[in-house]
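Novice: Provide a 3D model corresponding to the input given below.
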Amino acid sequence: MELGAFSISLSVKDIEASKLFYENLGFTVFAGDLEKNYLIMKNGNSLIGLFQGMFENNILTFNPGWDENASKLDSFTDVREIEKDLENKGISLVQKTDKSSSGPASIVVVDPDGNTILIDQHV
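Specialist: Okay, the predicted model is just below:
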């Protein structure tokens with residue numbers, strides 16, 4: 001099962017302070033909008049999303065169909081296939097797709113320690 005590009009989505013209290021902190025670690029702004037309280041920052045192949053006021057806890061994020069540069073992959077495992085595979089393995093989903101749809105969709109699972117995992121397909 002190929003999950004696509006990985007990033008961590010951090011729930012931050014002060015996006016400008018977090019931006020400066022991660023810039024000091026060598027990250028640069030890759031995408032997002034400071035005025036809308038979210039930024040995607042990149043250092044090499046590492047991606048960190050900074051989100052102020054959008055969700056409560058940090059989220060592990062995977063993007064099927066994208067590489068770490070948000071470029072579409074020629075082939076990838078569709079999120080609906082991932083959903084079916086997880087359900088067949090007995091993993092409960094907090095959010096499911098419309099199985100009759102195609103294209104962008106997302107699912108959410110929670111690991112045994114309560115960590116939220118978002119599998120978010122944009123293509």
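Novice: what's the residue positioned nearest the centre of the chain in contact with, if anything?
Specialist: Residue closest to the mean C-alpha point of the chain, counted by C-alpha atoms, centre = their mean, is residue 61 at 2.6 Å. Going by C-beta atoms under 8 Å, 6 or more residues apart in numbering, residue 61 touches 6, 7, 8, 9, 49, 117, 118, 119, 120. From N, CA and C alone the C-beta is placed, and that goes for glycine too.
Novice: mind listing the strands for this protein?
Specialist: Using DSSP state E, the strands of the chain run over 5-12, 28-33, 38-43, 46-52, 59-63, 105-110, 116-121.
Novice: What count of nearby residues applies to the nearest residue to residue 53 once chain neighbours are set aside?
Specialist: Leaving aside its chain neighbours, residue 53 sits nearest to residue 37 (5.7 Å; criterion: C-beta to C-beta, 6 or more residues apart in numbering). Residue 37: 15 surrounding residues under other C-beta atoms under 10 Å.
Novice: Check the gap between residue 37 and residue 28 for me.
Specialist: Going from residue 37 to residue 28 by C-beta to C-beta, to the nearest Å gives 18 Å.
Novice: Please apply the same query to residue 76.
Specialist: Residue 76 is 26 Å from residue 28, by C-beta to C-beta.
Novice: Neighbour count for these two, which is higher?
Specialist: residue 76 (19 against 9).
Novice: how close does the more buried one get to residue 7?
Specialist: Applying C-beta to C-beta to residue 76 and residue 7 gives a distance of 16 Å.
Novice: likewise residue 82?
Specialist: Distance from residue 82 to residue 7, by C-beta to C-beta: 17 Å.
Novice: circling back to that earlier point, would you turn the contacts of residue 61 into a markdown table with pLDDT?
Specialist: Shown next, in a markdown table, are those (pLDDT from 0 to 100):
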| residue | pLDDT |
| --- | --- |
| 6 | 97 |
| 7 | 97 |
| 8 | 97 |
| 9 | 97 |
| 49 | 97 |
| 117 | 98 |
| 118 | 97 |
| 119 | 98 |
| 120 | 97 |
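Novice: Which of the residues you listed sits closest to residue 87?
Specialist: residue 119 (12.8 Å; C-beta to C-beta).
Novice: With that, I have no additional questions.
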